[in-house]
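Asks: Attaching a predicted model along with its sequence, questions to come.
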Amino acid sequence: DNSAVIEASAGTGKTYTIEHLVNRILQQNKVNAIEEILIVTFTDKATSELKQRIRDIIKDSCLNNKNHSLLQESLHQFDKSSIYTFHGFCNSIIKRYSFELGNSFNITQINDKDIYHKILHKKLTADWPKTFKNNYNTILILSNYPDIANNSSRWEEKVIELAMKYNNYNDIIIPYYEEKLEEKLEHIISQLNTCLISLTNLMSIESVISNEDEKIFKTFSNLNFNKRSLPKKQRILLKIIEITKQFNTNKNIDNNILLKLTSMLSHSDLHNTSFTILQENWNKPGEDYSIHLPQLPDIINILNTLKDLLQGSLQYTFLVYAAIELKKDAIKFKEHQSLISYDDMISLVFNGIKNSDSLIKEILHKKYKYIIIDEFQDTDIIQWSIIKETFLKQDKQANVFIIGDPKQAIYGFRGADIYAYFTAKNELLDSFNANYYSLSHNWRSSKNLIDAFNTIFSYKNWFSENQISYSETNYPKEKKLNSIHST
């Protein structure tokens, strides 16, 4: 009777261990009913498999223990067993304990993305124009809004994706948005003006009718470039000439110039490259700009500075600002309308148990005597916090088993956090007196394959995260058919 961290590489019998652990708890009468054992895994498929495997082993045990009342009752009442995905577990709490969580009894489940699109449209068309007033169009331009591709705005999709992933409990977004975005905007516009003044002076624009007749274009085109690379360079230079001519006329930067600058930077000619391309690809005997166009390196440096300013902090600052504001408004909207999304389930339960005097925490602690978390490498810090706050902080001798393999952490795109695994593992071992076990026999693979893997992966650490290491697995000396179970 103690908490445990069980690390299990692929093929070492993880599911076999879980089903036998449940069977032992029942055989030793450690609980009063099977529903007092909480089992949580990551996917619906894994949940179905666990249910079937655990039901089967209880059925087999009942045949050998016909007088064991708890085993018999567990088989008959198996539909009451507490085997869930983490979202399913939280959803069951919300349904059963709405009053204790302070929720409406008539909650409607919705798709987050639909709500976020609706709220973002309102922010873009009604709220932010009032907030930023005359600066609004400039901010949108410098943020590369709308960034249309395939008839939709990639900028809007980025904002919504970030807002949906962002968790204001433990997430920090870098770069974080500035409280006074307008001040940042003024500073950047001032820097852009300075750069364009210097650029205009260096290029000696003559304001002739055709940009191709400008002296700098003719001089540049006659440099000793590889002829195949010249057309792209000329296209870029013509755009620069057009912008500097307009700036020279206006004597100040405006939204039209900003649009042309951002359009130039997003063009395929400058995709994943810098303006250094303007002094590359020379014919033999090499570059000759130092003779004919000595200011070229200075022009390129200014252009790269412009690029950094336009694609730098303000572009991402407003995106982050938009995502955080969107998240706040979405939370308020859903609370007001009694709406809940799939991802809200976990945060709703966490908010209900995080206070020390939480009633729901006390109810759950009394209800579940054993907690088994499968595929723990695919959880996140909030899920771990729910387990810790509900069961371990209430009772340091609680029976919490986490089972996983950090090498198999593959669900980062769905919010899984490998560092949550390491946090939970270290806290269990250091603060909650948990035991550590490692399953070392691979029941799935042949001996030759196991030996090959051990040779390859033991040679050096193959993982970018230093806390993940490879532990050799062994081929079982006696591999009986009734002991072979895949995880």
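Replies: Yes, it's here. Residues are numbered from 1 along each chain as shown.
Asks: So what touches the strand or helix carrying Ile58?
Replies: Ile58 belongs to helix 44-64 when assigned by DSSP states H and E. For helix 44-64, the external contacting residues (Cβ atoms under 8 Å, 6 or more residues apart in numbering) are 15, 18-20, 22-23, 26-27, 34, 39, 41, 68, 71-72, 74-75, 78, 81, 83-85, 88, 374-375, 485. Every residue, glycine included, has its C-beta placed from N, CA and C.
Asks: Rounded mean pLDDT for it, please.
Replies: In this model, helix 44-64 has a mean pLDDT of 95.
Asks: Okay, buried residues for that helix please.
Replies: By 16 or more other Cβ atoms under 10 Å, the buried positions in helix 44-64 come out as 46-47, 49-51, 53-55, 57-58, 61-62.
Asks: before we move on, what about stretch 133-140?
Replies: Under 16+ other Cβ under 10 Å, the buried positions of stretch 133-140 are 138-140.
Asks: wait, which of those residues is closest to Phe432?
Replies: Ile139 (49.1 Å; Cβ to Cβ).
Asks: Please list all residues in contact with that closest one.
Replies: Contacts for Ile139 (Cβ under 8 Å, 6+ apart) come out as 132, 181, 185, 314, 318.
Asks: how about those, which pair is most distant?
Replies: It's Phe132 and Leu314 that sit farthest apart of the contacts of Ile139, by Cβ to Cβ, at 12.4 Å.
Asks: who has more neighbours, these two?
Replies: Leu314 (22 against 17; other Cβ atoms under 10 Å).
Asks: quick one: the more buried one and Ile141 touch, right?
Replies: No - look at Leu314 against Ile141 with Cβ atoms under 8 Å: they stay out of range, at 10.2 Å.
Asks: What is the distance between the worst-scoring helix or strand of the chain on mean pLDDT and the centre of its chain?
Replies: Least confident helix or strand, the chain: strand 148-149 with a mean of 72, by mean pLDDT, DSSP states H and E. Distance of strand 148-149 from the chain centroid (Cα atoms, centre = their mean, to the nearest Å) equals 23 Å.
Asks: ditto for stretch 372-382
Replies: Distance, centroid of stretch 372-382 to centroid of chain: 16 Å (Cα atoms, centre = their mean).
Asks: State the mean pLDDT of that stretch.
Replies: Stretch 372-382 comes out at a mean pLDDT of 90.
Asks: Also stretch 24-32?
Replies: 96.
Asks: Tell me which residues are up against that stretch.
Replies: Counting by Cβ under 8 Å, 6+ apart, 1, 34, 37, 58, 61, 65, 68, 70-71, 74, 369-370 sit against stretch 24-32.
Asks: Identify those among the residues you listed that sit within helices.
Replies: Taking DSSP state H as the definition of helices, these contribute 58, 61, 70-71, 74.
Asks: Adding distance to Ala330 as columns, could you present these in TSV?
Replies: Shown next, in TSV, are the ones in helices among the contacts of stretch 24-32 (distance: Cβ to Cβ, whole Å):
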residue	distance to Ala330
Ile58	44
Ser61	49
Leu70	46
Leu71	48
Ser74	43
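Asks: Now the element after the helix or strand harbouring Lys232, going C-ward?
Replies: Taking DSSP H and E as the definition, one finds Lys232 inside helix 230-250. On the C-terminal side of helix 230-250, the closest following helix or strand by DSSP H and E is helix 255-266.
Asks: Please name every helix or strand in contact with that next one.
Replies: Counting contacts by 3 or more Cβ pairs under 8 Å, 6 or more residues apart in numbering; DSSP states H and E, helix 255-266 packs against helix 136-142, helix 181-203, helix 230-250, helix 296-310.
Asks: Mean pLDDT and distance to Phe99 for the ones you listed - can I get that in a markdown table?
Replies: Shown next, in a markdown table, are these (pLDDT from 0 to 100; distance: least, Cβ to Cβ, whole Å):
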| stretch | mean pLDDT | distance to Phe99 |
| --- | --- | --- |
| helix 136-142 | 91 | 44 |
| helix 181-203 | 91 | 42 |
| helix 230-250 | 94 | 63 |
| helix 296-310 | 94 | 53 |
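Asks: So Asn283 sits against Asn226, correct?
Replies: Yes - between Asn283 and Asn226 there is a contact at 5.6 Å, judged by Cβ under 8 Å.
Asks: re earlier: and which of the buried residues of helix 44-64 is nearest to Leu258?
Replies: Ala46 (51.5 Å).
Asks: how far away is the closest one from Phe391?
Replies: Distance, Ala46 to Phe391, by Cβ to Cβ, to the nearest Å: 21 Å.
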